[in-house]
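Student: missing the sequence, but the structure's below:
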Ligand SMILES: Nc1ncnc2c1ncn2[C@@H]1O[C@H](COP(=O)(O)OP(=O)(O)OP(=O)(O)O)[C@@H](O)[C@H]1O
Ligand SMILES: Nc1ncnc2c1ncn2[C@@H]1O[C@H](COP(=O)(O)OP(=O)(O)OP(=O)(O)O)[C@@H](O)[C@H]1O
Ligand code: SF4
Ligand code: SF4
Ligand SMILES: [Mg+2]
Ligand SMILES: [Mg+2]
């Protein structure tokens, strides 16, 4: 389908959403990260799988963009494409990535490598992939610090202890010589975070940084991320399933479904007043601490496989409002209350009438 | 330091023995975290022992869900690994359906099959537990091949497809390799594998932490349905309090290798007694809290290699007194059905 977000072109006045690619963020600052019409493909024997389809967003200095969405929607893929760690045969087929105004997706590999770690910090979803089981935690930290910063062994050791303390490892001087397998799941995760922060990068991709952590350590890590944003203008792309974390940490939220960005807006709007039917279902599925339901709300059906993404709106087989047009024509992002949503219900010219009384209407009020 | 641990945290003997599926008495697991021998000699450092779990006791009734909660590093995964025999016990006793399985870790091969096929574990780290060289179908079918060799390949294939669909994926996914899936999809693969052999008892270590809320709802609903239908029993670990509340009949709050409080779920959320349980519940983030600073647990997480004396929580507890610093509190059963290890509560200083 068309990849120009035509209906969006004039909506720049809505805060820093600026999906147009030409306008700066609301604050007038140049975004730290700018992603335009990103498309990632996996060529296979049975045809080409499209893992990301026309994804565009900006992140301003000091801003945290939360990324949520169905498992398999392409959140990690977006981060991996930005840092060019796509697993072959995956490749960026279209689009551009800019870091602090400089285009980086077309840099030759040898000029891209130094960006990783130094300018872009990465916290991977899987802590074990970032840690070498054969080296002690201290050695790995010291090595990383010395690669990026001009420090001698002793200074780097002090810095490593400081970082471990910052991410809340108790008595780090006793644990510096431990190996990754001697740490609990949450402690390993914190070591990975310490590694990502080591070079004080200007942009951090945090993929589920706190899923393995209990609530109090989680609060500590999130406070640390926010402090980095405020003090150093670091921009953060925060991928998480935890809406509490999103509500507390993110400035804006992007919602993904089947490789597409389907809603983006300020955190209060998206969490409290979701506009896309998928986002509504997502919010309704959150188990509440206040009351215990016999069954949790769930969106019926499951996300399509990449090999079988339906025509039109990818959500249409599961959407209570779906009508003929949704099965044929793909919606681009369009203004929807305080956000942008890719849904024909929000077509500024000819909005689709919502079906009343169905799950789609009620579920938003379940919580 | 803790001479009296052998006595504590053993479930009351009065509990109806018949419907108890798992009994854990005074479980302990220590790890040697000393520096290598040469460093010890040169730096004159001592041997260091980390008491990951030190005197944990509980029982789980058939068809019940008991959850373990507590800060990162408090020993939840270690308890889970002790129960399934992945770690040997430093001390303590495990009884599964009347059979003493304390030596499970040292049993080998088919010897363990009769017990092992009755329980399954979902690991906190789904990546590490999936063989990257096997297709997903082989991974999920593996428990079936091992425990039900009589099953035909076609039946197994059908069952694998069915399991994939139950966890919100699709049958053709069986032909792909783990690396081709997202984090949450891999976690679902490990859940499907755990369900394959229809176990009676599942140990679930953060089973849904990598899942978005709608898939999580699907999995949690499935787990509850299986429990209603087949009377499955769960030992459940999660740091998401809302999930824990949704799933649990009873909850054990752990602190630094011990149980601080164990109580029926509703009871704990309505009226936690132990000062640590209270703090833990207050630290829960909420959607209403957009932009708000959340109450966090005050004070440093203690060093597990040199835990504080007496009640390990005393350096962070606003109610600590001299007795708290000197004496390890024992779990004491209260009239409301909870068990609490706190001097303040026992003395009636705290509600
Ligand atoms: N190497 C690969 N080959 C083919 N498909 C792949 C490969 N890696 C990932 N995919 C597919 O790309 C899609 C996006 O995956 P991604 O890891 O970005 O999901 P995600 O949104 O991060 O999900 P989760 O929340 O579960 O981590 C998934 O459907 C996945 O199956
Ligand atoms: N193999 C090991 N060798 C040495 N120490 C270990 C080992 N396994 C665990 N530990 C230590 O035991 C303690 C408890 O670890 P465990 O994995 O049980 O914590 P947990 O409660 O599951 O934490 P999390 O919520 O972070 O997963 C930690 O201090 C950890 O470092
Ligand atoms: S475009 Fe149609 S199918 Fe898609 S979310 Fe909107 S109403 Fe539902
Ligand atoms: S025993 Fe004392 S220090 Fe420990 S929780 Fe109770 S009051 Fe606090
Ligand atoms: Mg992911
Ligand atoms: Mg654990």
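Tutor: Done, it's in. Bear in mind the structure is a predicted one, so any value in this text is a computation, not a measurement. Ligands and ions are numbered 1, 2, ... in the order given.
Student: SS state for residue B:209?
Tutor: Three-state assignment for residue B:209 (DSSP: H, G, I helix; E, B strand; the rest coil): coil.
Student: and the pLDDT for the residue in the stretch 251-351 of chain B that ligand 2 sits nearest to?
Tutor: At 4.5 Å from ligand 2, residue B:304 is the closest residue in the stretch 251-351 of chain B, using C-beta to the nearest ligand atom. Every residue, glycine included, has its C-beta placed from N, CA and C. Here the pLDDT value assigned to residue B:304 is 80.
Student: residue in the stretch 101-250 of chain A nearest to ligand 6?
Tutor: Ligand 6 sits closest to residue A:185 of the stretch 101-250 of chain A, with a gap of 4.1 Å, by C-beta to the ion.
Student: quick check: that residue vs residue B:81, distance?
Tutor: Look at residue A:185 and residue B:81: by C-beta to C-beta, to the nearest Å, they are 12 Å apart.
Student: before we move on, what about residue A:320?
Tutor: 44 Å.
Student: got a list of contacts for stretch A:120-132?
Tutor: The list of residues contacting stretch A:120-132 from outside it, by C-beta atoms under 8 Å, 6 or more residues apart in numbering or on different chains, reads A:76, A:79, A:82-83, A:99, A:116, A:137, A:140, A:180, A:185, A:188-189, A:191-193, A:195-199, A:201-209, A:211-212, A:239, B:125, B:127-128, B:183, B:210.
Student: can you count the residues close to the residue of the stretch 251-351 of chain B closest to ligand 2?
Tutor: 24 (other C-beta atoms under 10 Å in any protein chain shown).
Student: rewinding a little: from the contacts of stretch A:120-132, which would you call buried?
Tutor: A:76, A:79, A:82-83, A:99, A:137, A:140, A:180, A:185, A:188-189, A:191-193, A:195-199, A:201-209, A:211-212, A:239, B:125, B:127, B:183, B:210 (16 or more other C-beta atoms under 10 Å in any protein chain shown).
Student: near ligand 5, which of those show up?
Tutor: A:76, B:183 (C-beta under 5 Å from the ion).
Student: out of the buried ones among the contacts of stretch A:120-132, which are inside helices?
Tutor: Among the buried ones among the contacts of stretch A:120-132, the ones falling in helices (DSSP state H) are A:76, A:79, A:82, A:137, A:140, A:185, A:188-189, A:191-193, A:195-197, B:183.
Student: tell me the one of those nearest ligand 4?
Tutor: residue A:185 (25.7 Å).
Student: pretty sure that closest one sits against residue B:123.
Tutor: No: taking contacts as C-beta atoms under 8 Å, residue A:185 lies outside contact range of residue B:123: 9.3 Å.
Student: okay, who's weakest in the ones in helices among the buried ones among the contacts of stretch A:120-132 by pLDDT?
Tutor: Among these, residue A:185 has the weakest pLDDT, 77.
Student: what about residue A:67, which helix or strand?
Tutor: strand A:64-69 (DSSP states H and E).
Student: and stretch B:176-191, what's buried?
Tutor: B:176, B:178, B:180-191.
Student: okay, and which of those map to helices?
Tutor: Using DSSP H, those in helices are B:183-191.
Student: which two of these have the greatest separation?
Tutor: B:183 and B:191 (13.0 Å; C-beta to C-beta).
Student: and the residue lying closest to residue A:233 once chain neighbours are set aside, which helix or strand is it part of?
Tutor: Sequence neighbours aside, residue A:61 is the residue nearest to residue A:233 in space, at 3.9 Å (criterion: C-beta to C-beta, 6 or more residues apart in numbering or on different chains). Here residue A:61 sits in a region with no helix or strand, counting by DSSP H and E.
Student: number of residues surrounding residue A:61?
Tutor: Other residues close to residue A:61 by other C-beta under 10 Å number 19.
Student: quick check: it vs residue B:315, distance?
Tutor: 39 Å.
Student: the residue of chain A found nearest ligand 4: neighbouring residues, count only.
Tutor: Residue nearest to ligand 4 within chain A: residue A:216 (15.9 Å; C-beta to the nearest ligand atom). If you count neighbours by other C-beta under 10 Å, residue A:216 ends up with 22.
Student: which helix runs longest in chain B?
Tutor: Under DSSP H, chain B gives helix B:213-230 as its longest helix.
Student: gap between that one and the chain center?
Tutor: The chain centroid and the centroid of helix B:213-230 are separated by 18 Å under C-alpha atoms, centre = their mean, to the nearest Å.
Student: near ligand 5, which residues of the stretch 101-250 of chain A are found?
Tutor: residue A:125.
Student: quick one: low-confidence parts of the stretch 101-250 of chain A?
Tutor: A:127-128, A:212 (pLDDT under 70).
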